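K.L.:
Here is my input; please provide its structure:
(2 chains)
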Protein chains: 2
Amino acid sequence: MSTTLSELATITAAARAAAPRAARASGAERSAWLTAMADALDAHTAELVAIADEETHLGEVRLTGEVARTTGQLRLFASVVLEGSYLEATIDHAVPSAVPPRPDLRRLLVPVGPVAVYSASNFPFAFSVAGGDTASALAVGCPVVVKAHSGHPKLSVRTAEIVTEALAAAGAPDGLFALVSGREVGSALVTDPAIKAAGFTGSVSGGRALFDLASQRPDPIPFYGELGSINPVVITAAAVASRGSELAAGLATSFTNGAGQFCTKPGVVFVPEESGFEGLLAEAAAEKTGGQLLTDRITAAYPESLSALASNSAVQVVLGSVEQNSAENGASPVVFATTAVAAASEPDRLYEECFGPTTLLVRYSSEEELVAALKALPGSLTGTIHAESSDDTAEVLDLLSERSGRVLFAGWPTGVAVTWSQQHGGPWPATTSLHTSVGATAGRRFLRPLAFQDAPESALPDALKESNPLGIPRRVDGQLQL
Amino acid sequence: MSTTLSELATITAAARAAAPRAARASGAERSAWLTAMADALDAHTAELVAIADEETHLGEVRLTGEVARTTGQLRLFASVVLEGSYLEATIDHAVPSAVPPRPDLRRLLVPVGPVAVYSASNFPFAFSVAGGDTASALAVGCPVVVKAHSGHPKLSVRTAEIVTEALAAAGAPDGLFALVSGREVGSALVTDPAIKAAGFTGSVSGGRALFDLASQRPDPIPFYGELGSINPVVITAAAVASRGSELAAGLATSFTNGAGQFCTKPGVVFVPEESGFEGLLAEAAAEKTGGQLLTDRITAAYPESLSALASNSAVQVVLGSVEQNSAENGASPVVFATTAVAAASEPDRLYEECFGPTTLLVRYSSEEELVAALKALPGSLTGTIHAESSDDTAEVLDLLSERSGRVLFAGWPTGVAVTWSQQHGGPWPATTSLHTSVGATAGRRFLRPLAFQDAPESALPDALKESNPLGIPRRVDGQLQL
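P.N.:
Numbers count the residues shown, from 1 in each chain, chains lettered A, B, ... in the order given. Purely as a prediction, here's the structure:
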């Protein structure tokens, strides 16, 4: 069922042909395309969830929620496009008296062209065929070619059928959206001359390989990869004393939810030595279950990763059993513990992302030990601080801010709200870029600036015409205007 | 006089140490640093211009203007920082009733950390030690390590001394700014773990080599290179008929100014066959001179490039002499002509950037020929259309927009105003990225988003505090507020 290279060539040629039409479509038209997609997916929720559950084992409740998240995402981008700030429309009128004389100069952002989207295993809706990368690229006027994830092929095909039909009914141009599948085609897609940018959510190894292909092209293209993240959490002694049980319950849910397969799972948790938190967590996590993991690869990798960690003499198992985890039995929760001194001395072995219901507690006996262990952290999507107002957390906040894209002061990182202010990205290897893949600004990845100098009104796009026919926020002669 | 690798390690360590202090500095402080740099450079204009003229032969008038441009650029960024929109401050208040409940989420842009800046040969001030890359990086809070260009070593050292002194007097942290020199250090700089992004203006070969090093790092960093551009110009028959002499005079000045060594020099000009434009240009350019080129390499390359073009049977010399150009004689203006059919059939040989006072006229005898030749163009910084209102230029405009970052409808591309709306960048090989290296938004290259979830007011940066103490534009609950 893989797409052939010759089929791929036809598909990317169609995307290239659709690009000028997608770029010329008004914000209202693109907004309508996204809304039509959302409506169609909502209408097919039950059918899609059934297929997804069969392929991913994520359960009906979670998957139904994920469809709603996905269509909410499409609707957010529909509103972002109408609001118009994303165009960054900027007008500087001519200043003939300046030395040298200044021309009339007007700038906006325009779509880069066809975008390749690589689906994720762990979000079969929200980061897959009609997920955030697709929604944000279509929103800003880029055709999309999605590479299906091998973990949910039937769902990918069915989702694509629904999207294709909805787009056609809404009057979107042919070639605006297509699905491809197969490993060979995945590599060919990112090097296809028609493709001008790529979005990816997946493993460090897979993402790095595609990033390298994108960078080594004769004409390099931006590759926006979300690769790997251990999402450190710091808990202070005062926080354990004041609300230890609540924190333990929250952590137990966060690291086991979705069988521990969220990009934002808290993978390493810094806890004060002898604070009693481990006992509270053991209690809270006792009833938690894991379940069947997403793919054969993840299923095989989980017990291997557990065994590797368990074989480290600086690490103890404090909850669950490494041995009872096997590809046959399904995944069950395991909590490890180590010391901040050990973590600081071998971060490459201890700070490693592991898909599955497991987390590593790192015991610290002093602020100095904690700081040294935090300094050894790689980049992450998130960092979390659970502290009391009596704690001085300035240094911890600085260290987590430098190493992550979102810092939490309450709750757990596994929830990723889709809003104007969301940031889903962080220093390498969390992501490859300075952009977000979730939230209203995700479209910025697929836009490039274009300026018009001394253009007649008739040649200007609506966003830059003197009368502001779209009624969008613009910066005029240096002043932001609503 | 090259920096050693051990000196480089000391310098980048100092930049790394300065990064948190630079990031924490208020907009007002950073604005004051930039203003201090501008004031100091203005005060030393005469001294700096004398050194620059000795090293670059660009002449006192041009160089004095370039100092003013450079200090104007520093002052623009000083105002951009104070205005505060560049932070993209975004606040979404909590919505406890949402399903799932939405946390309080606040986002802004923060500096990436130390930035490497590679100076250009052709703008010893505006794209060098204290040029646009340096100004925009410092403005947004990133320490800068500048690699001096070998074409103006004394000027680089003297500029760096003045900048260093001004920054120290203005209270900027040690390590915020440094100069290094030497080829080996240039490569080592972009792979130094302390460096988080790089800005470059120069050749395709040099830029590609550094881009590859940046992309192949264990932790890839963004490399913003401005590499090469031929800046196509299209002139219609109606425009020649209505104002041919004026256009010829403008072109003659634009391709010979600065001895034809601007990134935005019009390198290929599409003219209607038998329109008489060539005669007008020959007249206008007759008195133009070239002069000594910037560096030994450029001096040697110019006659070689001319000879290569002259040896092409599809190309004629219509003004000047290839033979009289040699490394010994200095550069003199040469205008070539070819046909649109030839250009479309061998773009790799005919559409090539050549530093020096030369341009290539491409004669077209029909709209179809013109379109085919435009379709073969590589990416450029600029594209220019000289037409009359009676002309239908829609297709030409689309083709130039797809292939450039700035489209002009009057004037010539060699002037690059430093404004809010400027765009200096374009599809590969014009630049490697979707960002500009000139104008108010240039700082966006050196910023990454950071979100705060459920943060106590005391942990928030001023830009995100509820009361908006900085008084900057922000987006609150989806609404842009001034």
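K.L.:
can you tell me the average pLDDT over the longest helix anywhere in chain A?
P.N.:
As assigned by DSSP state H, the longest helix anywhere in chain A is helix A:60-83. Helix A:60-83 comes out with an average pLDDT of 97.
K.L.:
just stretch A:439-457 next, same as before
P.N.:
For stretch A:439-457, the mean confidence score works out to 97.
K.L.:
likewise stretch A:334-343?
P.N.:
pLDDT averaged over stretch A:334-343 gives 98.
K.L.:
try stretch A:354-368
P.N.:
Mean predicted confidence for stretch A:354-368 is 97.
K.L.:
how long is it from one end to the other?
P.N.:
Stretch A:354-368 stretches 27 Å from its first residue to its last (Cα to Cα, to the nearest Å).
K.L.:
From the chain's centroid, how far away is that stretch?
P.N.:
Chain-centre distance of stretch A:354-368: 23 Å, with Cα atoms, centre = their mean, to the nearest Å.
K.L.:
follow-up on the earlier one: go through the longest helix of chain A and flag the buried ones.
P.N.:
A:63-71, A:73-78, A:80-83 (16 or more other Cβ atoms under 10 Å in any protein chain shown). All C-beta atoms are positioned from the backbone trio N, CA, C, and that covers glycine.
K.L.:
just stretch A:343-353 next, same as before
P.N.:
Quick answer for stretch A:343-353 (16+ other Cβ under 10 Å): A:343, A:344, A:347, A:350, A:351, A:352, A:353.
K.L.:
for stretch A:474-482, same thing?
P.N.:
Here stretch A:474-482 shows A:474, A:475, A:476, A:478, A:480 as buried, counting by 16+ other Cβ under 10 Å.
K.L.:
ok, now stretch A:273-287?
P.N.:
A:273, A:275, A:277, A:278, A:280, A:281, A:284, A:285.
K.L.:
filter those down to the ones near chain B?
P.N.:
Checking these against chain B by Cβ under 8 Å from any Cβ of the partner chain, not one of them is in range.
K.L.:
Can you lay out those as a markdown table showing pLDDT?
P.N.:
Shown next, in a markdown table, are the buried residues of stretch A:273-287 (pLDDT from 0 to 100):
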| residue | pLDDT |
| --- | --- |
| A:273 | 96 |
| A:275 | 95 |
| A:277 | 97 |
| A:278 | 96 |
| A:280 | 96 |
| A:281 | 97 |
| A:284 | 96 |
| A:285 | 95 |
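K.L.:
and the stretch 1-150 of chain A, which residues reach chain B?
P.N.:
Residues of the stretch 1-150 of chain A lying close to chain B (Cβ under 8 Å from any Cβ) are A:20, A:65, A:79, A:83, A:85, A:88, A:90-92, A:100, A:102-103, A:105-107, A:110, A:112.
K.L.:
Tell me which two of the buried residues of stretch A:343-353 sit farthest apart.
P.N.:
A:344 and A:353 (18.5 Å; Cβ to Cβ).
K.L.:
And chain A, split by domain according to the record?
P.N.:
For chain A, automatic domain parsing gives the domain ranges A:5-227+A:431-481, A:232-408.
K.L.:
per-residue pLDDT, residue A:330?
P.N.:
Looking at residue A:330, its pLDDT is 81.
K.L.:
do residue A:117 as well
P.N.:
pLDDT, read off for residue A:117, is 98.
K.L.:
where's it, which helix or strand?
P.N.:
Residue A:117 is part of strand A:115-118, with elements assigned from DSSP states H and E.
K.L.:
Name the residues that touch that strand?
P.N.:
A:131, A:133-134, A:137, A:142-147, A:149, A:186, A:189-190, A:192, A:195-202, A:210, A:446 (Cβ atoms under 8 Å, 6 or more residues apart in numbering or on different chains).
K.L.:
Take the residues you listed and keep only those in helices.
P.N.:
If you go by DSSP H, the contacts of strand A:115-118 have A:133, A:134, A:137, A:186, A:189, A:190, A:210 in helices.
K.L.:
Flag whichever of these scores worst on pLDDT.
P.N.:
residue A:186 (95).
K.L.:
For chain B, see how far away that residue is.
P.N.:
Here the distance between residue A:186 and chain B works out to 19 Å (Cβ to the nearest Cβ, to the nearest Å).
K.L.:
which parts of the stretch 301-450 of chain A sit against chain B?
P.N.:
Counting by Cβ under 8 Å from any Cβ, the stretch 301-450 of chain A sits next to chain B at A:379, A:389, A:393, A:397-398, A:401-402, A:404-411, A:415, A:417, A:419-423, A:425, A:427-429, A:432-436, A:439, A:441, A:447-450.
K.L.:
Of the residues you listed, grab the buried ones for ChimeraX.
P.N.:
Burial among these is assessed by 16+ other Cβ under 10 Å; the matching ChimeraX selection reads:
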select /A:379,393,397,401,402,404,405,406,407,408,409,415,417,419,420,421,422,423,425,427,428,429,432,433,434,435,436,439,441,447,448,449,450
